[in-house]
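Peer 1: quick one, structure for this:
(one chain, ligands or ions: 1)
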Amino acid sequence: MGAIRANLQAVNARIARAAQAAGRDARAVRLLAVSKTHPAALVDEAYQAGQLAFGENYVQEALQKMDALARLPLEWHLIGPLQSNKTRLVAERFAWLHTLESDRIARRLSAQRPAALPPLDVLLQVNISGEATKSGIAPEQALALARAVAALPRLRLRGLMAIPEPSPDAAVQRAAFGAVRQLFERLVREGLALDTLSLGMSDDLEAAVAEGSTLVRIGTAIFGARGMTRDAA
Ligand SMILES: *Cc1c(COP(=O)(O)O)cnc(C)c1O
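Peer 2: Here you go, the predicted model:
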């Protein structure tokens, strides 16, 4: 068995165990394979092992893999920051954006989404740890931005994404994920039709699933460690 197939099985088993421990249905947690810095051949290998959804951080790097693998029915998610000069490429080529954080970018994406494609699925990135350097909106801004995005015709607001400050302590991980879940629940109570919480990476997926994640973004545990080189976005 190939290494990637075995790694995918191990990650899916971790998700299943975490879901079971939380009394959740494992089918409610989707796996996004984060292929940034890894070549198209490894994405193909993961596809051969049954994986369909892939996350990339850099637009140009993602486009190269999309072109190389155009024959495959893959679902591409942008999970890295999006600059306004790249919105058209994202509107035209991606299925999901996890890092929406401004009304202006949202309006551009909606205007640029081709009529032949379904609406772009989007998540608001929330800065839950409050670090000045991290991307994402402050939790207090989420309701206003969610309402603005939900009103755009060619975007479909699906939920929230966050990257809490890494911690080796499972209780600290859970507290951060739990704060995102509470914000999500508040938006749902306000009438927003959300179904996706993008939380959890290779080192903290158990805590994320325990706190209600419906989409875990896993790179290292599937593809191995990333090298030091990476393509500019
Ligand atoms: C790289 C990355 C991941 C995957 O991280 P791993 O620790 O390799 O699983 C998930 N989400 C985002 C936003 C990333 O940039």
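
Peer 1: contacts only, for residue 97.
Peer 2: 77, 78, 82, 90, 109, 120, 121, 122, 123 (Cβ atoms under 8 Å, 6 or more residues apart in numbering). Where you see a C-beta, it was placed from the backbone N, CA and C, and this is true even at glycine.

Peer 1: same question for residue 11.
Peer 2: 31, 205, 218, 221, 222.

Peer 1: which secondary structure element is home to it?
Peer 2: According to DSSP states H and E, residue 11 maps onto helix 3-21.

Peer 1: which of the residues in that helix are buried?
Peer 2: 4, 5, 7, 8, 11, 12, 14, 15, 18, 19 (16 or more other Cβ atoms under 10 Å).

Peer 1: near the ligand, from those?
Peer 2: Among the buried residues of helix 3-21, no residue sits close to the ligand (Cβ under 6 Å from any ligand atom).

Peer 1: need the contacts of residue 11 in CSV with pLDDT and distance to residue 163, can you?
Peer 2: Shown next, in CSV, are the contacts of residue 11 (pLDDT from 0 to 100; distance: Cβ to Cβ, whole Å):
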residue, pLDDT, distance to residue 163
31, 98, 17
205, 97, 13
218, 98, 13
221, 98, 16
222, 98, 18
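
Peer 1: quick one: the strands in the protein?
Peer 2: Counting by DSSP state E, the chain has strands at residues 30-34, 53-56, 75-78, 96-100, 120-125, 155-161, 196-198, 215-218.

Peer 1: reformat these as JSON lines; add distance to residue 136.
Peer 2: Shown next, in JSON lines, are those (distance: least, Cβ to Cβ, whole Å):
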{"stretch": "strand 30-34", "distance to residue 136": "17"}
{"stretch": "strand 53-56", "distance to residue 136": "16"}
{"stretch": "strand 75-78", "distance to residue 136": "14"}
{"stretch": "strand 96-100", "distance to residue 136": "8"}
{"stretch": "strand 120-125", "distance to residue 136": "4"}
{"stretch": "strand 155-161", "distance to residue 136": "8"}
{"stretch": "strand 196-198", "distance to residue 136": "12"}
{"stretch": "strand 215-218", "distance to residue 136": "14"}
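
Peer 1: TSV for these, including distance to the ligand?
Peer 2: Shown next, in TSV, are those (distance: least, Cβ to the nearest ligand atom, whole Å):
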stretch	distance to the ligand
strand 30-34	4
strand 53-56	6
strand 75-78	10
strand 96-100	7
strand 120-125	9
strand 155-161	8
strand 196-198	8
strand 215-218	4
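
Peer 1: between those, which gets nearest to residue 141?
Peer 2: strand 120-125 (8.8 Å; Cβ to Cβ).

Peer 1: what is the burial count for residue 145?
Peer 2: Other residues near residue 145 number 18, with proximity taken as other Cβ atoms under 10 Å.

Peer 1: show me what contacts it?
Peer 2: 100, 101, 102, 103, 106, 124, 137.

Peer 1: need the contact list for the residue nearest to the fifth one when sequence neighbours are not counted.
Peer 2: What sits nearest to residue 106 in space, not counting adjacent residues and going by Cβ to Cβ, 6 or more residues apart in numbering, is residue 149, at 4.8 Å. In this structure, residue 149 makes contact with 100, 103, 106, 122, 124, 155, 157, judged by Cβ under 8 Å, 6+ apart.

Peer 1: quick check on those: which are buried?
Peer 2: By neighbour count, with 16+ other Cβ under 10 Å, the contacts of residue 149 hold 100, 106, 122, 124, 155, 157 as buried.
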